[in-house]
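> okay, sequence plus prediction incoming.
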Amino acid sequence: MGFGSANFNHNSSEDTTKTNQLLAYPIVFFLPETKWGFGAAGLYNFRFKNESKDSNPSQIQFAASYTQNKQIILTFPFELYFNENIWKLKGEIAYYKYSYKYYGIGIHSEENDKEFFLARYPRVKADFLRRFDKTFVGVRFRYDNMSILEKGNLLESSGNTGKDGGVNTGVGFITQWDTRDFIYNPSKGIYLEAELYFSGRFMGSEFNYQRFALDVSRYFRIANNHTIALQLYNATIQDDPIFYEMLFFGSPRLLRGYQDRRFIDKNILVTQYEYRFPLYKRIQGVSFLSFGTVASSYAALYSNPYKYSYGAGLRFVLNKKDRIRLRLDYGQSKDEGGSMYLTINEAF
């Protein structure tokens with residue numbers, strides 16, 4: 001993957017005091033399911049008018065790519081803070097026409113069973129939260145309208161709910177406890193999110209299920225610019241979700257090194273560890289280790305085999321004040337090779 005960047009600062013002062021920053025760069029990649037792909041990505045980091053320089057920075061990201069196989073990805077994730085961090089709006093507007101890997105369900109799925117399915121769908125995600133001291137409380141909304149245009153024999157014969165696609169909408173209630181010193185690259189503090197999510201016909205969804213999730217991260221500053229980061233992610237889905245909405249690992253955020261969505265099921269337990277340290281000026285280093293499993297029942301999470309991955313990465317500091325990083329990671333899985341990731345902000 002190759003990239004370059006163009007950096008436009010709307011404040012001529014030093015990096016430690018700048019408020020607005022636009023970063024854009026081209027992307028080039030090659031994958032078996034896409035052949036060559038081309039596009040652009042970037043972010044806009046800013047504060048709204050009348051917000052103090054000590055308030056959390058808002059961020060809008062974008063990515064657009066097109067492949068030789070006529071696949072399209074358009075994504076606009078955002079995280080916006082208003083009224084001195086009293087209100088937070090976080091979500092994504094996206095459109096996908098893309099080939100996804102499918103290996104079957106469960107921790108015992110075989111790498112050799114890999115096939116692809118071609119899906120097309122718009123996506124809208126939005127969390128709207130209100131802060132009370134260190135706690136955010138709010139609601140979560142999700143909308144996907146997926147059409148599966150092509151699929152292999154494994155998915156076709158699986159009997160999975162939603163193997164032909166469908167409308168998937170839902171609403172949830174979330175609570176976040178946040179004592180981090182920086183939201184994009186913390187050096188100390190705790191972030192905890194608890195979620196109760198419901199999808200059903202009352203929301204216009206074709207699928208009925210409930211998701212309960214807990215995501216906890218803890219950060220320890222052990223020396224100047226040296227940080228230990230720990231994460232626990234535990235979730236369960238009840239009833240009958242569309243198969244694509246099942247819990248999974250193998251991503252830029254969970255068990256880097258495994259292929260995208262490598263293991264999926266209705267229950268998941270993952271722990272991750274990172275050591276973040278300075279290297280030279282704006283360049284920093286990271287080493288990481290992850291363990292995880294999925295299961296059809298919650299109790300089986302504690303008896304199923306666990307997978308692990310490990311790796312290292314580099315960070316380039318784009319904005320010192322708000323600690324925005326360009327992230328390059330290489331993860332190695334236990335037994336299935338590795339993967340490289342280029343993105344913005346930390347995995348957790």
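Looks like it came in fine.

> gap between Thr343 and Asn185?
As judged by Cβ to Cβ, to the nearest Å, Thr343 and Asn185 stand 13 Å apart. In this view, the C-beta of every residue, glycine as well, is placed from N, C-alpha and C.

> looking at these two, which has the bigger crowd around it?
Asn185 (22 against 16; other Cβ atoms under 10 Å).

> ok, now which ones touch the residue nearest in space to the middle of the chain?
Central residue of the chain (Cα atoms, centre = their mean): Arg253, 5.4 Å from the mean position. Going by Cβ atoms under 8 Å, 6 or more residues apart in numbering, Arg253 touches Ala347, Phe348.

> then Ile344?
Contacts of Ile344 (Cβ under 8 Å, 6+ apart): Leu43, Gln61, Ile324, Arg325, Leu326, Arg327.

> and what of Gly42?
Ser5, Leu22, Leu23, Ala24, Tyr25, Gln61, Phe62.

> what do you get if the cut-off is 6 Å, keeping everything else the same?
Leu23, Ala24, Phe62 (Cβ atoms under 6 Å, 6 or more residues apart in numbering).

> secondary structure element holding it?
Here Gly42 is covered by strand 35-46, with elements defined by DSSP states H and E.

> ok, and for that strand, which residues are buried?
By 16 or more other Cβ atoms under 10 Å, the buried positions in strand 35-46 come out as Gly37, Gly39, Ala41, Gly42, Leu43, Tyr44, Asn45, Phe46.

> next one: stretch 271-288
Quick answer for stretch 271-288 (16+ other Cβ under 10 Å): Thr271, Gln272, Glu274, Arg276, Gln284, Val286, Phe288.

> tell me the secondary structure for the first one?
Right, Thr271. Classification of Thr271 by DSSP: H, G, I helix; E, B strand; the rest coil places it in strand.

> and the contacts of Ile344 as TSV, adding secondary structure and distance to His108?
Listed next are the contacts of Ile344 as TSV, based on DSSP: H, G, I helix; E, B strand; the rest coil; distance: Cβ to Cβ, whole Å:
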residue	secondary structure	distance to His108
Leu43	strand	39
Gln61	strand	36
Ile324	strand	40
Arg325	strand	36
Leu326	strand	37
Arg327	strand	31
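
> any chance of those in JSON lines, with distance to Lys70 and pLDDT too?
Formatted as JSON lines, the contacts of Ile344 follow (distance: Cβ to Cβ, whole Å; pLDDT from 0 to 100):
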{"residue": "Leu43", "distance to Lys70": "27", "pLDDT": "93"}
{"residue": "Gln61", "distance to Lys70": "24", "pLDDT": "96"}
{"residue": "Ile324", "distance to Lys70": "33", "pLDDT": "92"}
{"residue": "Arg325", "distance to Lys70": "33", "pLDDT": "92"}
{"residue": "Leu326", "distance to Lys70": "29", "pLDDT": "92"}
{"residue": "Arg327", "distance to Lys70": "29", "pLDDT": "95"}
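
> quickly run through the sheet partners of the strand holding Gly42, with directions.
strand 21-31 (antiparallel), strand 58-67 (antiparallel) (DSSP bridges).

> most packed of the ones you listed?
Greatest average neighbour count among the strands paired with strand 35-46 goes to strand 58-67 (a mean of 18), per mean count of other Cβ atoms under 10 Å.

> strands of the stretch 101-250 of the chain, residue ranges please.
115-132, 135-150, 165-178, 189-199, 208-223, 226-240, 247-249 (DSSP state E, counting those that start in this stretch).

> between the ones you listed, which gets nearest to Gly106?
strand 247-249 (11.1 Å; Cβ to Cβ).

> if you average pLDDT over that closest one, what comes out?
Per-residue pLDDT values across strand 247-249 average out to 98.

> give me the contacts around it.
Ala235, Leu255, Arg261, Phe263, Ile264, Ile268, Val270, Gly292.
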